[in-house]
Each structure stands twice: as structure tokens, then as C-alpha cells.
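Enquirer: Got a predicted structure plus its sequence, pasted below:
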Amino acid sequence: MARRLALAAALALALAPSAHAQSQKRFVLMPGVQFTRNVEFTSHGPVVVNIVNAPKPGGLYSLHPYLSNGAIVGRQPLTDMEKSISGGTTVAGINGDLFDATTGDPAGVLIRQGVLDSPPVAQRSSTGIDAAGNLHLGRIRFSGFWKGTGQRRSLVLNQAPGANGVALYTRAWGPTTPPFPTGAVEAVLSGFPDSRPNTDLFGTVSAIAQTSGGTGIPGNGAVLVARGAGASHLAAEAPVGTSVFVRLTLTPSWGGIVDALGGGPVIVSKGRPVFRANEIFSTKYLFQRSPRAAIGQRADGRIILVAVDGDQPGYSVGMTNFELAVTMKQLRCVTAMALDGGQSATLAFDGNVLNEPSAPNGERAISDALLVTYDGVYAPDVAQSVLSPNGDSVADTQTLSYKVVRPSNVRAVLVGPDRAERVVDQGFRSPGTYTLAWTGLRGDGTPEPEGSWRFTVTATDNQGRESRADRTFSLNETLAALAVTPPDYALGQGSARATFTLAHPAKVTATVETASGIVIRRVMLRDLEVGTWSVSWNGRRDSGGLAFGGRYQFRVSATNAFGKADLVGPFTAHR
């Protein structure tokens with residue numbers, strides 16, 4: 001046992017990213033849900049890890065699989081899935097199961113609100129979600145059968161039947177059955193209930209015919225499709241008017257599971273990273289360095305969604321499957337499963353991509369997804385991180401907004417450095433997004449105090465559920481009127497100059513950057529008093545060499561007791 005533990009530890013050290021340095025960005029997506037981007041600089045190259053950390057499902061939060069286009073047939077970008085429901089909730093999500101790139105059919109299990117839409121793959125892990133918000137990882141087997149006037153006969157669910165087999169197509173498949181070779185027999189079942197597993201299901205044959213597919217799947221029914229010997233049995237044992245019995249069995253039964261999604265392999269079990277789960281994945285898939293995606297759960301129930309960017313040398317090289325397992329363990333997951341990787345690996349919030357997928361067009365259309373939804377009040381980030389109503393037409397007005405998805409009583413306030421509340425909106429609000437403008441002035445036109453401010457919205461919805469959203473910013477009039485001359489600067493001929501004013505004393509940093517924000521020269525770092533100041537650049541980089549022609553910007557930052565204020569002045573340089 002000790003030898004096995006030592007070997008596992010050695011493997012973790014050998015295969016985990018060897019981080020020489022790390023940087024991190026973190027911000028709040030919605031109440032209780034944080035997004036973090038870690039950049040690890042390893043011996044293999046940089047690795048970018050994107051993380052969503054969400055509360056345990058329950059109350060205002062839920063975790064559900066979502067099927068693209070509402071049907072097994074077809075695919076859809078994750079952002080489109082989120083946009084389709086964002087009017088009624090606030091949502092963060094990650095791509096789901098592997099899938100057939102032609103049909104969009106998910107490779108593994110899909111259960112939505114207790115209804116089985118796609119069967120599991122017994123040799124791969126599946127993730128089940130119970131009503132209490134707990135994840136259950138395991139290998140689940142499926143068997144199905146139907147019975148008309150004859151004996152029990154096997155079937156598959158929402159998959160093409162074999163040459164002599166039978167398939168049950170439910171409403172989840174799409175509007176019609178797929179095309180089949182001539183000679184297939186299709187029996188339409190009316191009054192067929194939702195396809196819940198481990199439940200006796202009955203429907204009545206309302207029509208049966210030899211077809212080549214394309215039969216409409218009724219809203220209150222299903223269709224049995226049979227080929228070869230299966231077609232002969234269906235035609236003989238399920239004439240019109242016959243009551244057909246169907247049973248869809250999961251083993252283990254997964255009692256209490258409300259939602260489920262396929263994927264695999266399992267990568268964290270009982271708090272330990274799994275090196276080899278012995279699931280049906282190729283060695284190349286497991287050990288090559290590529291984009292990855294995963295879902296995990298901590299001991300306190302919090303949900304962790306991770307998308308690792310990859311296949312982008314110089315930006316992110318990706319991870320192996322075991323490195324992903326170690327990462328999920330480092331994020332304190334006690335259980336975790338990999339999801340589809342490669343170009344599918346996508347993390348998004350409210351219809352906006354959070355990571356950098358490797359798909360050629362920026363985002364791949366996928367089969368299904370896992371979505372974290374929040375039904376409380378939501379306040380997007382403020383328009384201006386620094387409100388500066390000093391008359392220079394830059395950040396003179398703050399835009400504040402909030403969204404409620406249920407009828408709610410709302411109270412929105414601003415709290416300044418004096419800790420006094422200013423009510424900016426209150427009353428009953430129907431579902432929707434509400435926008436407010438604030439200029440930093442009191443009702444009598446006098447200025448509000450400079451410093452840190454907080455925008456807080458509290459809401460009680462029509463189910464009596466309370467929620468709160470906060471966003472912070474600063475009011476700071478210190479820095480104003482940044483101007484760059486000449487706007488088109490000839491490198492090596494004189495200097496480019498930035499002029500600015502200070503309304504309060506501050507420590508000022510001035511840099512010259514490329515248009516993308518890469519610093520090439522720091523030209524000022526000093527304490528300055530109130531007044532008008534200027535700083536110049538002679539066209540040379542920190543190394544002393546002359547810069548290349550292109551688009552540049554002066555960035556001036558002023559820091560004092562009221563916070564930090566930035567202004568950017570663009571200009572062009574040429575040789």
C-alpha cells in the first residue's frame with residue numbers, strides 16, 4: 001500500500017504542470033459565483049486555467065444539463081444556449097459530453113428532470129445530480145425492452161437500431177425519426193409518458209407502417225423503429241390498438257438522481273486524483289497535452305467548473321488528463337469528472353465566452369452543456385470602475401443596472417465613504433433589466449465625497465426569496481484632461497508629450513504602451529502636487545533601442561487616498 005501511494009505521488013510530481021511562476025485574475029460573475037483565470041508558466045509552456053466557483057445547488061442556485069436546440073439532433077454554441085434562457089435567469093456554464101459531430105447525438109447519458117433522453121455508456125463515467133445538489137459519479141449500465149402481444153424484446157433509446165434491432169425515439173430526439181434504409185417498420189405510440197428510467201411505461205399503437213424514416217414523433221407519444229428481424233416482430237406483435245409496454249432500466253438504479261450527463265473519465269474520487277480510470281479512452285486522448293474541461297464538487301458542496309485552454313502555443317499549451325485531475329484536487333474537489341475537451345472546451349457567462357477556445361471560429365457548436373443558474377437579483381459590473389465627473393468628458397457618468405427574473409420588491413442604494421445610504425431606486429419591479437445613471441452629484445448639485453462607493457441591490461421575489469447583489473467602484477476627480485501631442489509622432493525626432501492635470505496630490509506613474517497594453521517604457525514615477533503636468537517620450541524602448549512604428553498610448557495612473565485613476569491617450573508613431 002505504501003509503495004502504491006509513493007508511486008502515485010511520484011506520478012503527480014512528474015505529470016503535473018511544473019509552475020515556475022503564476023499570475024491570477026479574479027472577479028465576481030454574479031452573487032456567490034466567482035471566475036478565476038490562472039496562468040501557470042511551466043517547462044512545457046504557459047497553461048491557462050479558467051475556473052468558475054459556484055454555490056452548492058439549492059435555493060436560488062441550480063445545476064442542470066441543457067440540450068442544444070432542445071433536441072438530441074443538432075448542435076449549438078454554449079453562448080447561444082445561455083442566451084436562450086438568460087431572460088429568465090442568470091447563467092454560467094461549461095460544455096458537456098462527447099458527441100457525434102454529424103448528428104449532435106451525445107455519446108453518453110442525459111437525464112433532464114428525471115427523464116432519460118440518452119442512455120449511458122457502461123465503460124465510461126457518468127455524473128448524476130440529486131435533488132440536494134450532490135454529484136454522484138459512477139459507471140451506469142442501460143438495458144431496454146418492449147413488449148406487445150409477444151415476448152419481451154430488447155431496444156435502444158434514441159439511437160439507430162442495429163440491422164435486426166428496435167429503437168425507441170422519444171420527444172427529446174426531435175420532430176421526426178431519422179432516415180433509415182427501406183424496409184424499416186415504425187409504430188407510433190400515443191399517450192406514451194415521459195421516458196423515466198426504472199419505470200413501467202405504456203403507450204398505444206396509433207399507426208404502424210413500413211417506412212424509410214421521417215415519421216413525426218407526437219408531443220404526447222413516441223415512435224418504435226425496427227429493422228430486419230426486429231421489423232417482423234414489431235409488425236406482428238404491435239398492430240394498431242395494441243398496448244405496448246416499455247421498460248428502460250439503469251443499473252445501478254441511480255435512485256434520487258434528477259439530472260445526469262455523460263463524459264469521463266473520472267479524475268477525482270474520494271478526494272484523490274485518479275491517474276488511470278480504465279475507461280474506454282485512448283492513451284493518446286489521456287496523455288496528449290490539449291484543451292480540457294471538467295466538473296467537480298468540494299466537500300462543502302460548491303461546484304467547480306474548469307476549462308483549460310490549449311493548442312495555442314505561446315498562450316496556452318493545455319494539459320494531460322492526469323494534470324487536469326491534479327488541478328481539480330488542488331481546487332479542493334473531492335469528486336470530479338472530465339468533460340469533452342479539445343475544441344469543445346468552453347466556459348461562458350450569460351452568453352459571453354470566458355476562456356479562449358481553440359475552435360477555428362472561436363467557439364464550437366456542441367451537443368449539451370452543464371449550466372449553473374441563479375434566480376436572484378443580479379447586478380452587472382459597473383460601466384466605470386472610476387467615476388470622474390471633472391468635466392473632461394471621460395467617465396463623467398456612471399451607469400448602474402440590475403436584473404430580476406421574477407416579480408420582486410427591489411431597493412437599490414449607493415453607499416459612499418461616509419457610509420450613508422442614497423436610495424437610487426425602489427419599489428415593485430416586473431422581470432427585466434433596469435438601468436440607472438449617476439453623475440456623482442447630490443440632488444442640490446453639490447458633489448458627493450470622493451473615495452470608495454458600493455452599489456447594492458436587494459430584492460424579495462414573489463416566492464418570498466431574498467437576494468442581494470453588490471458592485472463597487474470609486475469616485476475620484478484627481479486625474480483629468482490627458483492630451484497627447486503630436487498625435488502622429490516621428491520616432492527619433494523630438495519627443496511625444498502627454499499633458500494632464502491633477503486636482504489632488506498623487507503618486508503618478510506614466511508609461512508608454514502598445515495599443516494592446518504591452519509596456520515598452522516607463523517615463524514617470526513620482527509624487528506630484530495639484531496642477532498641470534507633462535511627460536515626454538523620446539521614442540525609445542526600455543532597452544534603449546528605437547521603437548517600431550505603430551499605434552501606441554500614454555497611460556497615466558494617479559494613486560492617492562481616493563483610489564487609483566487611469567487615463568489613456570492614444571497616438572501613432574512612425575519612422
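Expert: Yep, it's here.

Enquirer: What separation is there between the residue nearest to residue 359 when sequence neighbours are not counted and residue 89?
Expert: Of all residues not flanking residue 359 in the chain, residue 343 sits nearest, at 4.1 Å (C-beta to C-beta, 6 or more residues apart in numbering). For every residue, glycine as well, the C-beta is placed using N, CA and C. Here residue 343 is placed at a distance of 27 Å from residue 89 (C-beta to C-beta, to the nearest Å).

Enquirer: Quick one: end-to-end length of stretch 459-473, please.
Expert: 21 Å (C-alpha to C-alpha, to the nearest Å).

Enquirer: ok now that stretch, how far from the chain's centre?
Expert: Distance of stretch 459-473 from its chain centroid, counting by C-alpha atoms, centre = their mean, to the nearest Å, is 22 Å.

Enquirer: residues in contact with it?
Expert: Around stretch 459-473, the neighbours that count as contacts under C-beta atoms under 8 Å, 6 or more residues apart in numbering are 30-31, 59-60, 375-382, 384-387, 398, 400, 402, 404, 406-411, 429, 452-458.

Enquirer: and with 7 Å instead?
Expert: 31, 60, 376-379, 381-382, 384-387, 398, 402, 404, 406-410, 452-458 (C-beta atoms under 7 Å, 6 or more residues apart in numbering).

Enquirer: ditto for stretch 537-549
Expert: Contacts for stretch 537-549 (C-beta under 7 Å, 6+ apart): 491-492, 495-496, 512, 520-521, 523, 573-575.

Enquirer: are any of the residues you listed buried, and which?
Expert: For the contacts of stretch 537-549, a burial check counting by 16 or more other C-beta atoms under 10 Å picks out 491, 496, 512, 520-521, 523, 573.

Enquirer: Is residue 480 in contact with residue 501, as I believe?
Expert: Yes - in this structure, residue 480 is within contact of residue 501 by C-beta atoms under 7 Å, at 5.0 Å.

Enquirer: Just want to know which of these two has more residues nearby.
Expert: Higher neighbour count among residue 480 and residue 501: residue 480, with 21 against 16, using other C-beta atoms under 10 Å.

Enquirer: May I see the buried residues of the helix or strand hosting the more buried one?
Expert: Using DSSP states H and E, residue 480 sits in strand 479-485. Judged by neighbour count using 16+ other C-beta under 10 Å, the buried positions of strand 479-485 are 479-480, 482, 484.

Enquirer: Would you map the strands across the stretch 451-575 of the chain?
Expert: Assigned strands in the stretch 451-575 of the chain, in chain order: 451-461, 466-475, 479-485, 488-490, 496-502, 506-514, 519-528, 531-537, 550-560, 563-574 (criterion: DSSP state E, counting those that start in this stretch).

Enquirer: and stretch 309-318, how far apart are its ends?
Expert: 6 Å.

Enquirer: gap between that stretch and the chain center?
Expert: So, by C-alpha atoms, centre = their mean, the centroid of stretch 309-318 is 19 Å from its chain's centroid.

Enquirer: quick one: average pLDDT of it?
Expert: Here stretch 309-318 scores 95 as its mean pLDDT.

Enquirer: circling back: which one of the buried ones among the contacts of stretch 537-549 is nearest to residue 75?
Expert: Nearest to residue 75 among the buried ones among the contacts of stretch 537-549, counting by C-beta to C-beta, is residue 520 at 43.5 Å.

Enquirer: per the record, what domains does the protein have?
Expert: 11-138+259-374, 141-251, 386-475, 479-574 (automatic domain parsing).

Enquirer: among those, which is the most enclosed?
Expert: domain 11-138+259-374 (a mean of 20; mean count of other C-beta atoms under 10 Å).

Enquirer: so how far is that domain from its chain's centroid?
Expert: 8 Å.

Enquirer: which residues of the chain score low on pLDDT?
Expert: Along the chain, segments meeting pLDDT under 70 span 1-22.

Enquirer: again, 80 this time
Expert: 1-24 (pLDDT under 80).

Enquirer: coming back round to it: what residues does the strand holding residue 480 touch?
Expert: Applying C-beta under 7 Å, 6+ apart, the set of residues contacting strand 479-485 is 388, 390, 392, 496-503, 554, 556, 558, 565, 567, 569, 571.
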